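In: Sequence below, structure please.
(one chain, ligands or ions: 1)
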Amino acid sequence: MAASLLKKVARTAFDKGGGVDVARWMNRKGLRILMYHRFRDPEPLARQLRHIRDHYAPVSMAQVAAWLSGGERLPDNALAITIDDGYRDFYQVAYPVFREYKIPATVYLVSGFLDRTLWLWVDQVRHAFLHAPPQTYQADFVGAFELGSIESRKRAAHAVAEAAKKLPDPERLAFLLQLPRELRIDLPAVAPAEYEPMLWEEAREVAAGGIELGAHTCTHPILSRLTSAQQLAEEIAGSKRRIEAQLERAVDHFCYPNGSTEDFSAEAVAAVKAAQYRTSVTTESGLNYAAADRFRLLRIGVEPGLDQGYFQRCAAGVGI
Ligand SMILES: [Zn+2]
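Out: As a prediction, the model looks like this:
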């Protein structure tokens, strides 16, 4: 308690004493790439974009690719914004705000999600655990969970999804296939409204409006858990082809699902290069300098609901 109060006092002193400004200046040569996923309301995002407009030089991933290929340098305090997955709330909530502030952004699409042949598997797990009848769920790879209160269900869904990410991919797919039967629940074939993807038509509209669209695989597997090289190539090159066909424009940027170092293998990086992407992003945290590997770019995870002081420290590169 005392320690957390002290930390809070220290953070307030840091912010009031211009600590964020000093940190931003010290980190001015590092490119920040922010990572978003979901958007509920426009106003919290607008507050963050106002801060970015006032204190940073927003850049596109095309500019990042050019810089890291030996082209034009980026301005000081360069900042790129990325959004993973391609949920419909990007189109409905965030896109108008990005337009209003004229700030570039890149959205990484899961092609099978936009095709509506699947919904994101972590959302399926969450939905199944939240809506199943009360029971005990038990699986060898993760243990037993009592499904009672909403909180216990959320905890179970999170623990089970995290454990499933570590399974070899064929086992993860078998687990997903069995899950509705085991939990005695019917999973809808397409995502319910809260988990739905953009329509291709909406993706074309945002692309025409200046949003860059990248690829984030066909089905969102953990690439390092795939057991077939052909499947790896298909997830990486196939999603690019599919999005290019739908948008009739080049897809130059890739995003590794889950994205920590253990989630993508050297083979995945090689497949990204072979598919002729120009950059790819991870979820490893940090700033990127001129010598950065453009196929292992670091990002800073944020969301619109963050406390504004915390958001400003993240963007400045403090404590990331
Ligand atoms: Zn994702």
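In: When you work out contacts or count neighbours from here on, use the C-alpha atoms and nothing else.
Out: OK.
In: So which bits of this structure are right by the ion?
Out: Applying Cα under 5 Å from the ion, we find that the chain lies next to the ion at 85, 257.
In: what residue ranges in the chain score low on pLDDT?
Out: Under the criterion pLDDT under 70, the flagged ranges of the chain are 1-2.
In: show me where this protein has strands.
Out: If you assign secondary structure with DSSP state E, the strands in the chain sit at 32-36, 57-58, 78-85, 106-109, 135-139, 143-147, 212-215, 253-255, 279-285, 297-301.
In: domain parsing for the protein?
Out: Taking automatic domain parsing as the domain assignment, the record places the domains of the chain at 25-117+195-316, 121-183.
In: could you pull out the helices for the stretch 51-200 of the chain?
Out: 61-68, 88-89, 95-101, 111-114, 121-131, 150-165, 169-183, 200-208 (DSSP state H, counting those that start in this stretch).
In: Columns mean neighbour count on top of these, output as TSV?
Out: Written out in TSV, the entries for the helices of the stretch 51-200 of the chain read as follows (neighbours: other Cα atoms under 10 Å):
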stretch	mean neighbour count
helix 61-68	18
helix 88-89	20
helix 95-101	15
helix 111-114	24
helix 121-131	20
helix 150-165	17
helix 169-183	15
helix 200-208	16
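In: Pipe these into CSV and attach distance to G286 per row.
Out: Shown next, in CSV, are those (distance: least, Cα to Cα, whole Å):
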stretch, distance to G286
helix 61-68, 15
helix 88-89, 27
helix 95-101, 24
helix 111-114, 28
helix 121-131, 25
helix 150-165, 23
helix 169-183, 29
helix 200-208, 28
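In: how about these, which one is nearest K8?
Out: Of all the helices of the stretch 51-200 of the chain, helix 150-165 sits nearest to K8, with 27.4 Å by Cα to Cα.
In: CA atoms only for the closest one - export them in CSV, please.
Out: This file holds the C-alpha atoms of helix 150-165, laid out as CSV (Å, rounded to 0.1, in the frame of the first residue of the first chain):
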residue,chain,number,x,y,z
ILE,A,150,-18.6,-14.1,-14.5
GLU,A,151,-15.2,-13.4,-12.9
SER,A,152,-14.4,-17.1,-12.6
ARG,A,153,-15.4,-17.7,-16.2
LYS,A,154,-13.2,-14.8,-17.5
ARG,A,155,-10.2,-16.2,-15.5
ALA,A,156,-10.8,-19.7,-16.9
ALA,A,157,-11.1,-18.4,-20.5
HIS,A,158,-7.9,-16.5,-20.2
ALA,A,159,-6.0,-19.3,-18.6
VAL,A,160,-7.3,-21.9,-21.1
ALA,A,161,-6.6,-19.6,-24.1
GLU,A,162,-3.0,-18.9,-22.8
ALA,A,163,-2.3,-22.6,-22.3
ALA,A,164,-3.8,-23.4,-25.7
LYS,A,165,-1.4,-21.0,-27.4
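In: follow-up on the earlier one: so can I have a markdown table of the strands of the chain showing mean neighbour count and distance to A159?
Out: What follows is the strands of the chain, written out as a markdown table (neighbours: other Cα atoms under 10 Å; distance: least, Cα to Cα, whole Å):
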| stretch | mean neighbour count | distance to A159 |
| --- | --- | --- |
| strand 32-36 | 24 | 22 |
| strand 57-58 | 19 | 36 |
| strand 78-85 | 24 | 21 |
| strand 106-109 | 26 | 25 |
| strand 135-139 | 13 | 12 |
| strand 143-147 | 16 | 9 |
| strand 212-215 | 29 | 27 |
| strand 253-255 | 27 | 24 |
| strand 279-285 | 22 | 19 |
| strand 297-301 | 22 | 20 |
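In: Can you add distance to P170 and give these back as a markdown table?
Out: Compiled in a markdown table, these are given as follows (distance: least, Cα to Cα, whole Å):
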| stretch | distance to P170 |
| --- | --- |
| strand 32-36 | 29 |
| strand 57-58 | 41 |
| strand 78-85 | 22 |
| strand 106-109 | 23 |
| strand 135-139 | 16 |
| strand 143-147 | 19 |
| strand 212-215 | 23 |
| strand 253-255 | 22 |
| strand 279-285 | 23 |
| strand 297-301 | 28 |
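In: measure the closest residue in space to Q308 that isn't next to it in sequence to R32 for me?
Out: The shortest distance from Q308 to any non-neighbouring residue, by Cα to Cα, 6 or more residues apart in numbering, is to Q48 (7.4 Å). Spatial separation of Q48 from R32 under the definition Cα to Cα, to the nearest Å is 14 Å.
In: How about A94?
Out: Using Cα to Cα, A94 is found at 20 Å from R32.
In: Then L120?
Out: Counting by Cα to Cα, the separation of L120 from R32 is 27 Å.
In: Ok, P133 next?
Out: 44 Å.
In: Across the sheet, point out what pairs with the residue nearest the centre of the chain.
Out: Ranked by distance to the mean C-alpha position of the chain (Cα atoms, centre = their mean), the top residue is D84 at 3.3 Å. For D84, the beta-bridge assignment (DSSP bridges) gives partners Y108.
In: Tell me if I'm right that it and Y108 touch.
Out: Yes. With contact defined as Cα atoms under 8 Å, D84 and Y108 form a contacting pair (5.0 Å).
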